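# Provided below are the primary sequence and the corresponding predicted coordinates.
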Amino acid sequence: MPVIDPDDYDLACEVMHDATNFAVAARRGLPADAIVQKSDGSLVTAVDVALQVFILTRLEAIFGEIPVVAEEDMHSIGGKPAAEAHCRALLRAWGFDGGESAIERALSCGGYAGSTRGMDAVWVLDPIDGTQGFVDGDHWCPCLALLSDGEPVFACNGHPTLRGGALLSASRGEGAWWYPLAGGECTEAEVSQEPLAAGESVCVVGPARATPNQIAVRRAVGESTGHPCRLVHSDSQAKYAHVVAGLADVAYSRRGGGPGKYIWDHAGGILIAREAGAWVADTDGSDIDCSQGRRLSVNRAVICAARGVGPLIAKELAARDLAEGFVPARGVR
Ligand SMILES: [Mg+2]
């Protein structure tokens, strides 16, 4: 049995609601020296780190001590005094009164790296997915998922750039729901099952900063469905929300030659999209294995599609994996 009662998922949604609104405000006043590079060259800001501290501290106060897989840690902005100072200032403004020991605790607890199979509850957190988009004024989203026995059972992602600002949340078997960030009525998220009409364009999500080659590949993958292809641009789990919102028909992420995608970039979006009625699977049609720890290390791709085109996209991506010399997904020979 999960140690978290599904009746209490709303409490986690409230945390993400507050966190997303705080981040929206913090973005407006973000000083240039609060944006720094991690050792791997990726971008991180004081807001990413402050948000992780805020979210994990609130979750622990509500739900108790639960293992966490989270993106940020002590090294994210460590040794960058201006970013560290801005992080502390944000936390004070958000009413955080935990002090340095609580900050250190929230940034040290997210390193769980083992299999999550057999574990009742594990949080998966990316405080800001799409930090480049956060800085550029493009799409970004705070993303929280709960795994039970290695599978996502609850998710809540903040989408300030979609539908006028909304949270998108799902729990397994209970559907997915949009909640306006400004407050008000929630509405059920439903992915269209209506097949594309002859000659209608299939809309595929591509990276915001796509290279000409990435654009050409995305178009060709879309056109493999037999339809003209139109691209929309989004990074982060906002790409799955595009499919859920009916702004795109296909979002996919390929592993390529890498070690597997980070789980915090996908787990919540997978549950939300599936609960909303999207087709979500690997290139061989198999499920996405979220139990492997920090990465989706056994999957070739995460494909999320509406309107019946999922299997066609999967077939095309499987063929490309073979042609490009990548190990096929289980089942594809
Ligand atoms: Mg992030």
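Cool, got the structure.
# hey, which helix is longest across this protein?
helix 9-28 (DSSP state H).
# Determine the set of other helices and strands touching that helix.
Counting by 3 or more Cβ pairs under 8 Å, 6 or more residues apart in numbering; DSSP states H and E, the packing neighbours recorded for helix 9-28 are helix 46-63, strand 141-148, strand 151-159, strand 166-171. C-beta: built from backbone N, CA, C; applies to glycine.
# so which of the ones you listed comes closest to the ion?
The ion lies closest to helix 46-63 among those, at 5.6 Å (Cβ to the ion).
# quick check: angle from the closest one to strand 141-148?
In terms of direction (axes from the mean of the first three to the mean of the last three Cα atoms, to 10 degrees), helix 46-63 departs from strand 141-148 by 30 degrees.
# How far off centre is helix 46-63?
How far helix 46-63 lies from its chain's middle: 17 Å, per Cα atoms, centre = their mean, to the nearest Å.
# related to what we said a few turns ago, and the longest helix of the chain, how far from the chain's centre?
Relative to the chain's own centre, helix 9-28 is displaced by 15 Å; criterion: Cα atoms, centre = their mean.
# related to what we said a few turns ago, with mean neighbour count, distance to Gly29 and mean pLDDT added, can I get the helices and strands packed on helix 9-28 in CSV?
Formatted as CSV, those follow (neighbours: other Cβ atoms under 10 Å; distance: least, Cβ to Cβ, whole Å; pLDDT from 0 to 100):
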stretch, mean neighbour count, distance to Gly29, mean pLDDT
helix 46-63, 24, 10, 98
strand 141-148, 28, 18, 98
strand 151-159, 27, 18, 98
strand 166-171, 27, 23, 98
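# what residue ranges in this structure are flagged as low confidence?
For the chain, applying pLDDT under 70 flags the ranges 1-2, 328-333.
# Please tell me how far the residue of it most remote from its centre sits from the ion.
When distances are taken from the C-alpha mean of the chain, Ala198 lies farthest, 32.5 Å away, according to Cα atoms, centre = their mean. The gap separating Ala198 from the ion is 41 Å, by Cβ to the ion, to the nearest Å.
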